[in-house]
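J.: fold the following and give me the result.
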Amino acid sequence: MSPSPFIVEWIERIARERDPSTQLGASGRLRALDVAMGTGRHAVPLARAGLLTFGVDVKLESVRAAIAAGSREGVRIEGWCADLTQHPLPRSRFDIVVVCRYLQRDLFPDLRAAVAPGGIVIYETFTTNQRALGRPPTSPDHLLEPGELRRCFDGFDELFYEEMCAPEAIARIVARSRS
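T.: Numbering: from 1, shown residues only. This next block holds a predicted model:
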């Protein structure tokens, strides 16, 4: 599956617009996390943008595939295998957190906490309007209610938000954690 053009656009924009004199982390590079990274379709663009990139997925074979995809592209991805229903994310560790096409409602507090002060979350996933299109996912467990994504990041500074019904029913947010 190809990366989301929306997410890639924001990755590139953030990498391009950051202040190069800002030193974050021991490496002096922005730290990024791709949650439920699968085979690395967003981890690779994060690493290509010069970010110190980490990814987590429940499937070990997916983590290995993402690391290999990064290697083929000449970039490094640090991956780990974890069931996020059982293992919390590191707190205040990441300057960018990306989540695409994944919904685990009880993970929202951990996602918020994983973002370093001033860091950014980029999130895109399906809404309940997807059912009207007759395509998966259709389970309410995997579909956001109208306005739900925005409410999940209440207290963050919203840089971008939209909900759309076609060609897919999705909600998207880019939000900055307050320092």
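J.: neighbours of residue 15, just the number please.
T.: Residues near residue 15, counting by other CB atoms under 10 Å, number 17. To be clear about C-beta, it is placed using only N, CA and C from the backbone, and glycine gets the same treatment.
J.: who touches the nearest residue to it once chain neighbours are set aside in this structure?
T.: Of all residues not flanking residue 15 in the chain, residue 49 sits nearest, at 3.8 Å (CB to CB, 6 or more residues apart in numbering). By CB atoms under 8 Å, 6 or more residues apart in numbering, residue 49 lies in contact with 11, 12, 14, 15.
J.: which one among these gets closest to residue 45?
T.: Nearest to residue 45 among those, counting by CB to CB, is residue 11 at 5.2 Å.
J.: re earlier: list buried residues within the contacts of residue 49.
T.: Buried by 16 or more other CB atoms under 10 Å: 11, 14, 15, out of those.
J.: so residue 78 touches residue 51, yeah?
T.: No. The pair residue 78 / residue 51 is not scored as a contact, 11.2 Å apart, by CB atoms under 8 Å.
J.: residues near the closest residue to residue 147 other than its chain neighbours, how many?
T.: Nearest residue to residue 147, sequence neighbours excluded (CB to CB, 6+ apart): residue 163, at 7.7 Å. The number of residues packed near residue 163 is 17, by other CB under 10 Å.
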